[in-house]
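Student: Sequence and predicted structure are below.
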Amino acid sequence: MAEPRFSVITPVYDTPADVFWAMIGSVLAQTYGDWELCLVDDCSPSPHVAELLAQAEAADPRIRVARRAENGGIVAASNDALAMARGEFLAMLDHDDELHPDALAHVHEALVAEPEADYVYTDEDKIDRAGHHSGPFFKPDWSPERMRTQMYSCHLSVFRRSLVEEVGGFDAEFEGSQDWDMVLKVTERARAVVHVPRVLYHWRMLETSAAGGGEAAKPWAFEAGKRAIQAHCERTGVQARCERDEHDPGVYHLVPELRSEPLVSIVIPTAGQRREVRYEDVVLVEHCVRSIVERSSYEHYEIVVVVDAGTDVEVLDALREIAGARLKIEVFDRPFNFSEKINLGAAASSGEHLLLLNDDMEVIDAEWLQRLVMYSQIEGVGAVGGRLILQDGRLQHVGVRLQNGLPGHHYHGFSGEFRGYGNSVRVAGNYMAVTGACLMTPRALFEQLGGLPADLPVNYNDVDYCLRLRKAGQRVVYDPDLVLFHFESSSRSSAVSKWEKELFLKRWLPFTAVDPYANPNMRHDMPRLSAPFKWAIRRRPWRRRPKGQLV
Amino acid sequence: MPDRTKPASEAVEHSELQRELERQQEEITRLRNLLVTRDAELGEARGRLTEMESYMGLLSRVATRLQEFAPALARLAGKALRRLQGRSGREGG
């Protein structure tokens, strides 16, 4: 027999007979035939398991079985299965879960389309003991920043075997989250990562599985997840410490631990407008600068305020008093053009990282600049933004999504407590763009790309910049733990003109036709109308699955 | 003799006014904080309403779509039923 394309890796431990046969049946039902199933019994105490394995082995020559002399845990069993594997790719399948009949076929298609893919993952859903499906998880395309705060790719994961061997197989230090550790290690070296936006894996909810029992089922696994992220940060030079979320065991946070403080230039364009903030009449830019100066614990920054000619002298004096030697004032004497004002401020600044900041913002957290710098320093990150909230606590910005080729703020106006689909509001992630109301970018990239586009003076200039970053191979990051108040659009109308939309579409289609971070089965982060139908149909309920005994 | 009572009473009056002003300022701050808190509560409720409206919009679109497809679904169901009946007939025979 020629070497198979896929080795399905399945450690077995005390598996109930019904779910075992459902798992075996789902592999046998694969429409793509070039596979082998590597089953490793981790010394199950229940006597029925040996019998099940013997029957499975006899059922199909592609099913291979090994038995461990002593119980070693999932990592040891997975490594034994890895040693048995002969396939070019490893598909990870838990002993109580099921594959969709077309799972391997679709992964194979994806590999044909992207031969350099070293890691492929698919969408998934949950299945109960009786076989009822629920909770499909439609995932974004590859998002390295999200992977550091949530194990979102999870099932089905398919790795190139050579790379798994190169990183030394599964690591016992991360028992319970060994798959997350493996994804992090493999993707640090992968040439390409591919997402197949189809529900091809059914994760069974049993009381003993993480799918059904949550943290109570495997408390150590979540701690191991934290260690895996920490180890990844150390390997890749991310200057951060990992902490677990207080409310959700599957969510993690990065806390900046910078080894140095590069100079940050905060560029604030303003016309010195006044506005009522929390029932007090304030000059917005004074309010903003005061919050920066009073709350920031980062030492090494300068503030470049770009004012319109004719701005009240009292405002300038107040700014000098608030910010002292940190302040530079640049005067802009042409008609309003946000891009030109930012470019002027950037040219007058000298920081290694530029922070574009609206004047209608208020800093909340002392470590906000550390957070921005932490991400901005990561190789391949071109822009960073955060979670902006309105004065009454509702969401204003949690990343920019593209819809019909045009940018929009999803979840705008939703409750501040809203966690988003798949916790997307509360975990870091990659987006096509973030708002220029608070955007940090490395100066070198800003200069290389020529700054913001002057032909978009009001809207879309920030998105245009982010898209140019994306085209240059850079990632745009949303950090949920960077929270600022945004007293939105106090200075100008937020309405987008027709000519701006036309110019944007002309410039960016077809690049913006598809947002890779919005699953095609979703619309506005809710399942598309057609998704439930497609999802139901793809499960092929009319197909009979093997029940009980195979033979 | 110069009359010193008037300036002294003016000073007392002034300090009382000052205290009153401070009390009023504190009251304004208290009421402002109360308003900000109420705004936040209102914001939470408005946010949840926006969420629910979003889902409601989705559900109503699904309902409309189902209504559009109802005749076709009924035909499909009938077809499936006939197929099942045929299968059970063959199995029985």
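Tutor: Yep, that arrived. Numbering: from 1, shown residues only, chains lettered A, B, ... in the order given.

Student: and stretch A:111-121, how far out from the chain's middle?
Tutor: Mean-position distance between stretch A:111-121 and its chain equals 19 Å (C-alpha atoms, centre = their mean, to the nearest Å).

Student: Just give the closest residue to A:R259, not the sequence neighbours.
Tutor: A:Q239 (5.7 Å; C-beta to C-beta, 6 or more residues apart in numbering or on different chains). Every C-beta, even on glycine, is put in place using the N, C-alpha and C of the backbone.

Student: That neighbour: what's it in contact with?
Tutor: A:C233, A:P256, A:E257, A:L258, A:R259, A:M374, A:Q377 (C-beta atoms under 8 Å, 6 or more residues apart in numbering or on different chains).

Student: Which PyMOL command selects the buried ones in these?
Tutor: Provided next is the PyMOL selection string for whichever of the contacts of A:Q239 are buried by 16 or more other C-beta atoms under 10 Å in any protein chain shown:
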select buried, chain A and resi 233+256+258+374+377
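
Student: so which of the contacts of A:Q239 would you say is closest to A:L344?
Tutor: Of all those, A:L344 sits closest to A:Q377, with 25.6 Å by C-beta to C-beta.

Student: Low-confidence ranges, chain B, go.
Tutor: Along chain B, the parts satisfying pLDDT under 70 run over B:1-6, B:88-93.

Student: and if we set it to 90?
Tutor: In the predicted model of chain B, residues B:1-13, B:51, B:53-93 satisfy pLDDT under 90.

Student: For the stretch 251-400 of chain A, which residue gets nearest to chain B?
Tutor: A:D392 (2.7 Å; C-beta to the nearest C-beta).

Student: swap in the stretch 51-200 of chain A?
Tutor: Closest residue of the stretch 51-200 of chain A to chain B, C-beta to the nearest C-beta: A:F138 (14.2 Å).

Student: which ones among the contacts of A:Q239 are found in helices?
Tutor: A:C233, A:M374 (DSSP state H).

Student: Now pLDDT too, for the contacts of A:Q239, in TSV please.
Tutor: Formatted as TSV, those follow (pLDDT from 0 to 100):
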residue	pLDDT
A:C233	97
A:P256	97
A:E257	96
A:L258	96
A:R259	94
A:M374	97
A:Q377	96
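
Student: Tell me the one among the contacts of A:Q239 nearest to B:L21.
Tutor: Nearest to B:L21 among the contacts of A:Q239, with distances taken as C-beta to C-beta, is A:P256, at 45.0 Å.

Student: pretty sure that closest one contacts A:V238?
Tutor: No - A:P256 lies out of contact with A:V238 (C-beta atoms under 8 Å); the separation is 9.4 Å.

Student: intersection of neighbour lists for those two?
Tutor: Counting by C-beta under 8 Å, 6+ apart, the contacts common to A:P256 and A:V238 are A:M374.

Student: Please spell out the segments of the stretch 101-250 of chain A that come in under the pLDDT threshold.
Tutor: A:128-135, A:205-221, A:246-247.

Student: mind listing the helices in it by residue range?
Tutor: For the stretch 101-250 of chain A, the helices defined by DSSP state H, counting those that start in this stretch cover A:103-113, A:144-147, A:161-166, A:178-189, A:210-217, A:219-236.

Student: Check the stretch 351-500 of chain A too.
Tutor: A:368-376, A:443-448, A:461-471, A:498-508.

Student: again, but for chain B
Tutor: Ranges of helices within chain B are B:5-92, based on DSSP H.

Student: At the contact with chain A, which residues of it appear?
Tutor: B:32, B:35-36, B:39-40, B:42-44, B:46-48, B:50-51, B:54-55, B:58, B:61-62, B:65 (C-beta under 8 Å from any C-beta of the partner chain).

Student: From the residues you listed, list just the buried residues.
Tutor: Using 16+ other C-beta under 10 Å, the buried members of those are B:V36, B:D39, B:G43, B:E44, B:R46, B:G47, B:T50, B:E51, B:S54, B:L58.

Student: what sits against the residue nearest to the fourth one when sequence neighbours are not counted?
Tutor: The spatially closest residue to B:E44, leaving aside those adjacent along the chain, is A:S415, at 5.4 Å (C-beta to C-beta, 6+ apart). By C-beta under 8 Å, 6+ apart, the contact set of A:S415 is A:G393, A:R394, A:L395, B:G43, B:E44, B:R46, B:G47, B:R48, B:T50, B:E51.

Student: Would you mind giving those as CSV with distance to A:R468 added?
Tutor: CSV is the format used below for the contacts of A:S415 (distance: C-beta to C-beta, whole Å):
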residue, distance to A:R468
A:G393, 33
A:R394, 31
A:L395, 26
B:G43, 35
B:E44, 38
B:R46, 36
B:G47, 33
B:R48, 37
B:T50, 32
B:E51, 33
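
Student: Tell me the one of these nearest A:E36?
Tutor: Once C-beta to C-beta is applied, the member of the contacts of A:S415 that ends up nearest A:E36 is B:E51, at 47.0 Å.

Student: Next up, the contacts around A:E417.
Tutor: So A:E417 contacts B:E44, B:G47 (C-beta under 8 Å, 6+ apart).

Student: Tell me where the stretch 201-350 of chain A has strands.
Tutor: Under the criterion DSSP state E, counting those that start in this stretch, strands of the stretch 201-350 of chain A are mapped to A:240-244, A:252-256, A:264-270, A:274-277, A:280-283, A:301-308, A:327-332.

Student: any idea how far A:N337 is from A:V458?
Tutor: 8 Å (C-beta to C-beta, to the nearest Å).

Student: Of the two, which one has the most company?
Tutor: The neighbour comparison of A:N337 against A:V458 (other C-beta atoms under 10 Å in any protein chain shown) goes to A:N337, with 19 against 16.

Student: leaving aside the residues next to it on the chain, what's closest to that one?
Tutor: That would be A:P457: by C-beta to C-beta, 6+ apart, it lies 3.9 Å from A:N337.

Student: and the nearest residue to A:R295 once chain neighbours are set aside, how many neighbours?
Tutor: Spatial nearest neighbour of A:R295, excluding adjacent residues (C-beta to C-beta, 6+ apart): A:V363 at 4.8 Å. Look at A:V363: counted by other C-beta under 10 Å, it has 21 neighbours.

Student: and A:V363, what are its bridge partners?
Tutor: For A:V363, the beta-bridge partners under DSSP bridges are A:L484.

Student: In space, what's closest to A:D60 - neighbours in sequence excluded?
Tutor: Leaving aside its chain neighbours, A:D60 sits nearest to A:L28 (6.2 Å; criterion: C-beta to C-beta, 6+ apart).

Student: Distance-wise, check the one you found relative to chain B.
Tutor: 23 Å (C-beta to the nearest C-beta, to the nearest Å).

Student: so that residue touches A:A59, yeah?
Tutor: Yes - assessed by C-beta under 8 Å, A:L28 is found in contact with A:A59 at 7.4 Å.

Student: A:M522 touches A:G420, doesn't it?
Tutor: No - shown here, A:M522 and A:G420 do not form a contact pair, counting by C-beta under 8 Å, at 11.5 Å.

Student: what's near enough to touch A:V381?
Tutor: By C-beta under 8 Å, 6+ apart, A:V381 lies in contact with A:E145, A:Y375, A:Q474, A:R475, A:V476, A:V477.

Student: among those, who's most crowded?
Tutor: Neighbour tally across the contacts of A:V381 (other C-beta under 10 Å): the maximum, 29 neighbours, falls on A:V477.

Student: How confident was the prediction at that residue?
Tutor: Note for A:V477: predicted pLDDT of 98.

Student: Hmm, A:R146 and it touching each other?
Tutor: No - under the criterion of C-beta under 8 Å, A:V477 makes no contact with A:R146, lying 9.4 Å away.

Student: intersection of neighbour lists for those two?
Tutor: Contacts common to A:V477 and A:R146, judged by C-beta under 8 Å, 6+ apart, are A:A428, A:G429, A:N430.

Student: Cool, thanks, signing off.
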